[in-house]
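**Q** sequence first, then the predicted structure, then my questions.
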Amino acid sequence: MARTNLDSTHVEARTPGLTTLHVLRRTQVSPSFVRVTLGGGDVADFVALGYDQWFRLFLPVSDTSLTRVPKKLTTLSYLKFLTVSKTDRPVLRNYTVRAYRADGADGPELDVDFVVHGSTEDGTAGPAASWAQTCSPGDAVAVLDEGVCFNPPPGTSRVVLAADETGLPAVAGILGSLDVDAAGHVVVEVPTDGDRQDLDAPAGIDITWVVRDDHAAVPGRAALAAVQALELPDEPAYAWVVGESGLVTGARRHWVQAGLPKESITFVGYWKAGKAH
């Protein structure tokens, strides 16, 4: 993750240590999203917190990769992890719980949505996107739960959420966890019109979908323009923004200048345009 204020706002994980899970199925849910459903293994140990619960996902690159994953991710264990040869070191990425079902057909299930760009055939897709498009039932992964970012101050009456496509799974998790009487506004930018998703949101939440007409445009810029066009409510509000760094820093700056207290804003830069992610 890039720039963030999570050190002061996040809710700690409650899943104990490293969790090994297995692929149950893979579904292409829209032009830009592949959903991988995980379960089995240690899934009974996973404590679902809802909202934008996120985790470290370790994807194997060899038969022994997952034996190289640290039980806890500290500065020291991470530095040791980086000394593992790339031919045996698992791919490490951060992802959000798109949905959790305690009553799946064969036990608890965890959905993870991957944004897929490029092609696995010509090598233009990143390692996580390539894995999501080629994984098979039974494939193992390792997960380290990191808890929840969404954490409104007491007395908050409205929420304002903003994200590009990389934050859509987190937006979906938050909306599905809010009280039924919650109110506010959500802005989500997606690459194509076909990437809009049905979101389970309270009736008082307005959702604005922004479709990127120009495929060469930097993701998040159109969402930022939509955020800047919104009028903040007079009552106490909580703002949350994730995604490309420009969207995150721009939205935070706009909200602060509009009078929203800094402690009422959670911001997480998931990635930065121009850098591999």
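**A** That came through, no problem. Numbering: from 1, shown residues only.
**Q** measure S264 to G167 for me?
**A** According to CB to CB, to the nearest Å, S264 and G167 sit 19 Å apart. Every residue, glycine included, has its C-beta placed from N, CA and C.
**Q** ditto for R158
**A** Taken as CB to CB, the span from R158 to G167 is 19 Å.
**Q** before we move on, what about G194?
**A** Distance of G194 to G167, computed by CB to CB: 18 Å.
**Q** hang on, the earlier thing: higher neighbour count, R158 and G167?
**A** Set R158 next to G167 and count neighbours by other CB atoms under 10 Å: G167 wins out with 28 against 19.
**Q** what about the more buried one, which SS state?
**A** Three-state assignment for G167 (DSSP: H, G, I helix; E, B strand; the rest coil): helix.
**Q** who does the nearest residue to it once chain neighbours are set aside bridge with?
**A** Leaving aside its chain neighbours, G167 sits nearest to V242 (3.9 Å; criterion: CB to CB, 6 or more residues apart in numbering). Beta-bridge pairing for V242 (DSSP bridges): A163, V268.
**Q** if we look at stretch 102-115, which residues are touching it?
**A** With CB atoms under 8 Å, 6 or more residues apart in numbering as the test, stretch 102-115 has contacts from 21, 24, 29, 32-40, 43-44, 46, 48, 57, 95-101, 128-129, 132, 165-166, 168-169.
**Q** low-confidence ranges, the stretch 51-200 of the chain, go.
**A** For the stretch 51-200 of the chain, the stretches with pLDDT under 70 are 118-121, 123-124.
**Q** ranges for the strands of it?
**A** Ranges of strands in the stretch 51-200 of the chain, per DSSP state E, counting those that start in this stretch, are 54-59, 91-96, 99-101, 109-115, 140-147, 158-163, 183-190.
**Q** what's the burial count for the residue nearest to G167?
**A** 30.
**Q** going forward, the N-terminal residue is numbered 627.
**A** Done: numbering now begins at 627, and the last item shifts to V868.
**Q** from F707, how far out is it?
**A** 25 Å.
**Q** let me know the pLDDT of A674.
**A** pLDDT, A674: 97.
**Q** which of the helices or strands spans L650?
**A** Following DSSP states H and E, one finds L650 within strand 644-656.
**Q** name the strands paired with that strand and say parallel or antiparallel.
**A** Here, using DSSP bridges, strand 644-656 pairs with strand 659-665 (antiparallel), strand 766-773 (antiparallel).
**Q** quick one: closest of those strands to W881.
**A** strand 766-773 (23.3 Å; CB to CB).
**Q** got the CA coordinates for that closest one in PDB?
**A** Taking C-alpha atoms only, strand 766-773 is exported to PDB below (Å, rounded to 0.1, in the frame of the first residue of the first chain):
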ATOM      1  CA  ALA A 766      -3.400 -23.500  -2.200                       C
ATOM      2  CA  VAL A 767      -2.700 -19.900  -1.100                       C
ATOM      3  CA  ALA A 768      -1.700 -18.400   2.300                       C
ATOM      4  CA  VAL A 769      -3.500 -15.400   3.900                       C
ATOM      5  CA  LEU A 770      -2.500 -13.100   6.700                       C
ATOM      6  CA  ASP A 771      -5.500 -11.100   7.900                       C
ATOM      7  CA  GLU A 772      -4.800  -7.400   8.600                       C
ATOM      8  CA  GLY A 773      -8.200  -6.200   9.900                       C
END
